[in-house]
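Trainee: structure for this input, please:
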Amino acid sequence: MLIDTPAVLNYVDSLSVTAVVDGVILVVRAGQTRWEMAQNAKRKLLTAHATLLGVALNRRKPQVWD
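Mentor: Predicted coordinates for the structure are as follows:
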């Protein structure tokens with residue numbers, strides 16, 4: 001099962017789900033999420049004892065190669 005929550009930095013309640021899930025994937029937006037924001041979100045998740053499975057990059061424009 002996959003549970004989608006609001007942004008961790010904007011909604012503290014998003015962290016409460018870490019108590020009932022096996023792991024968390026942090027999703028960051030290409031070209032918009034600053035490195036510091038991603039690190040802060042990661043820190044909050046780890047402080048909440050989340051098992052961080054990885055990071056996914058979304059809204060990335062596909063590259064066209066010649």
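
Trainee: run through who's touching stretch 54-66.
Mentor: Contacts with stretch 54-66, where a contact means Cβ atoms under 8 Å, 6 or more residues apart in numbering, come from 25-32, 38. (Each C-beta comes from the backbone N, C-alpha and C, glycine too.)

Trainee: buried residues, stretch 45-61. List them.
Mentor: Residues 45, 48, 50 are the ones in stretch 45-61 that count as buried (16 or more other Cβ atoms under 10 Å).

Trainee: could you do stretch 11-31 as well?
Mentor: Burial within stretch 11-31, assessed by neighbour count using 16+ other Cβ under 10 Å, is assigned to 14-15, 18, 24, 26-28.

Trainee: what mean pLDDT does stretch 49-56 get?
Mentor: The predicted model assigns stretch 49-56 a mean pLDDT of 94.

Trainee: chain center to it, what's the gap?
Mentor: 8 Å (Cα atoms, centre = their mean, to the nearest Å).

Trainee: okay, it in CSV with CA atoms only?
Mentor: The C-alpha atoms that make up stretch 49-56 are tabulated as CSV, following Å, rounded to 0.1, in the frame of the first residue of the first chain:
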residue,chain,number,x,y,z
HIS,A,49,12.3,7.6,13.4
ALA,A,50,11.1,7.1,9.8
THR,A,51,12.9,4.5,7.7
LEU,A,52,13.9,6.5,4.7
LEU,A,53,13.9,4.2,1.7
GLY,A,54,15.1,6.8,-0.8
VAL,A,55,14.3,9.9,-2.7
ALA,A,56,12.3,10.3,-5.8
